[in-house]
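A.B. asks: Sequence and computational prediction follow.
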Amino acid sequence: MSSYWPSLGKYVEGLDKAGKLIRVTTPINKDTELHPLVRLQFRGLHYYDGHLGALEMSERIAVAHAGYERLLKVVKASERNGMGVAEVITAGTPTLPCSLTFEGFRGGGFLHRVSPGTVVYCDATSLSQLPSEYGYRPAILVLTRVVSRPRAGIGRRDQEARVDRDRRQIRL
């Protein structure tokens, strides 16, 4: 079997072809029997909102809150249909303030978690997207020097970034 599966459906097909798929045909209680049986259990919803980072903060909050209202409708519909939602995850780095100020997540009957990944590294983009009163500081400072100037307004630095080696040119 492959170590990478592009979708859950392909993963199940791979298990079936390898003779490792166990089909359960008797009814089971999803709350007490599903997890020990197949190691997959619906826990909750993850709502991605990190794409809103380009918006000014007031507009970002309004758009994010509107999305959270729609998310709560999905939670309620899931619960009406017998699918309990124990956990809801929101907040890419730029929408952390939006999630923290959304009243609908308080007392919603589920655990609300935020997941602002880039605050761990705290790059310049994160600093520009979060309120300064949060007190974040850059996680690292990279020092380099200009070693040549191939043309006006362009310099070449001696520091070589492993992730992007062809971007050693900087604007001066």
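C.D. replies: Looks like it arrived, so ask away.

A.B. asks: which residues in this structure form helices?
C.D. replies: All helices of the chain, identified by DSSP state H, fall at 8-17, 34-38, 57-80, 96-100, 124-129.

A.B. asks: so which of those helices is the most packed in?
C.D. replies: helix 96-100 (a mean of 21; mean count of other Cβ atoms under 10 Å). In short, each C-beta sits where N, CA and C put it, glycine included.

A.B. asks: That one - what's its average pLDDT?
C.D. replies: Averaged across helix 96-100, pLDDT comes to 93.

A.B. asks: same for that helix, what does it pack against?
C.D. replies: Judged by 3 or more Cβ pairs under 8 Å, 6 or more residues apart in numbering; DSSP states H and E, helix 96-100 is in contact with helix 57-80, strand 111-114.

A.B. asks: Flag every buried residue along the last one.
C.D. replies: So that's strand 111-114. 112, 114 (16 or more other Cβ atoms under 10 Å).

A.B. asks: now the helices and strands packed on helix 96-100 as a markdown table including mean pLDDT and distance to residue 140?
C.D. replies: Output for the helices and strands packed on helix 96-100, formatted as a markdown table (pLDDT from 0 to 100; distance: least, Cβ to Cβ, whole Å):
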| stretch | mean pLDDT | distance to residue 140 |
| --- | --- | --- |
| helix 57-80 | 95 | 25 |
| strand 111-114 | 94 | 23 |
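
A.B. asks: right, and those - which one's nearest residue 21?
C.D. replies: helix 57-80 (26.4 Å; Cβ to Cβ).

A.B. asks: Mind listing residues that contact that closest one?
C.D. replies: The contact list for helix 57-80 (Cβ atoms under 8 Å, 6 or more residues apart in numbering) reads 45, 47, 49, 52-53, 55, 84-85, 88, 90, 94-95, 97-99, 101-102, 104-105, 108-110, 131.
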